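Colleague: predicted model and sequence below, questions to follow.
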Amino acid sequence: MIESLQECIDGAVPAGWDDLADVRGTADSVDGLVYAEVDGHGRLTDLWLDPRVCPRSDSHALAASIVDTVWAATREAAADAHRLTRGPSAE
């Protein structure tokens, strides 16, 4: 039973899926105060905030900058992941 379950799981996972954890997408915010890195699965793996953001009184602008930067990094990682799983002929 366990072997057949593992075979089922292995068959459901696309080739290269495990390699996606090694893919990285990075982005800097327009103002250079936020840096984000995500893996090929879209998980945030690193977030850097310039010390100059601490005195910011506009937390909504900071939050928007973080979200935008993470999305940019996610798009980069997704493009790399797509190339990894689909191969160069898919471009």
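Modeller: In hand now; what should we look at?

Colleague: CA atoms for contacts and neighbours, from now on please.
Modeller: Fine.

Colleague: in this structure, where's the longest helix?
Modeller: helix 59-86 (DSSP state H).

Colleague: report the buried residues of that helix.
Modeller: Buried positions in helix 59-86, judged by neighbour count with 16 or more other CA atoms under 10 Å: 62, 65-66, 68-78, 80-82, 84.

Colleague: I'd like the next helix or strand past the lowest-mean-pLDDT helix or strand in the chain.
Modeller: Scoring the helices and strands of the chain by mean pLDDT, DSSP states H and E places helix 2-12 at the bottom, with a mean of 49. Elements were assigned by DSSP states H and E; along the chain past helix 2-12, the next helix or strand is strand 24-28.

Colleague: for the record, mean pLDDT for the very next helix or strand once past that following strand?
Modeller: Sequence order places strand 34-39 as the next helix or strand after strand 24-28, per DSSP H and E. Here strand 34-39 scores 87 as its mean pLDDT.

Colleague: swap in stretch 65-76?
Modeller: For stretch 65-76, the per-residue pLDDT averages 87.

Colleague: residue contacts, the residue sitting nearest the centre point of the chain?
Modeller: Closest to where the C-alpha atoms of the chain average out (CA atoms, centre = their mean) is Val38, at 2.7 Å. Applying CA atoms under 8 Å, 6 or more residues apart in numbering, one finds that Val38 lies in contact with Arg24, Gly25, Thr26, Leu44, Thr45, Asp46, Val70, Ala73, Thr74, Ala77.

Colleague: out of these, which comes closest to Leu33?
Modeller: Nearest to Leu33 among the contacts of Val38, counting by CA to CA, is Val70 at 12.7 Å.

Colleague: quick one on the thing from earlier: show me what the residue nearest to the centre of the chain is bridged to.
Modeller: Gly25, Leu44 (DSSP bridges).

Colleague: how about the contacts made by Asp46?
Modeller: Contacts of Asp46 (CA under 8 Å, 6+ apart): Tyr35, Ala36, Glu37, Val38.

Colleague: can you check Ala77 too?
Modeller: Taking CA under 8 Å, 6+ apart, one finds Val23, Arg24, Gly25, Thr26, Val38, Asp39, Gly40, His41, Gly42 in contact with Ala77.
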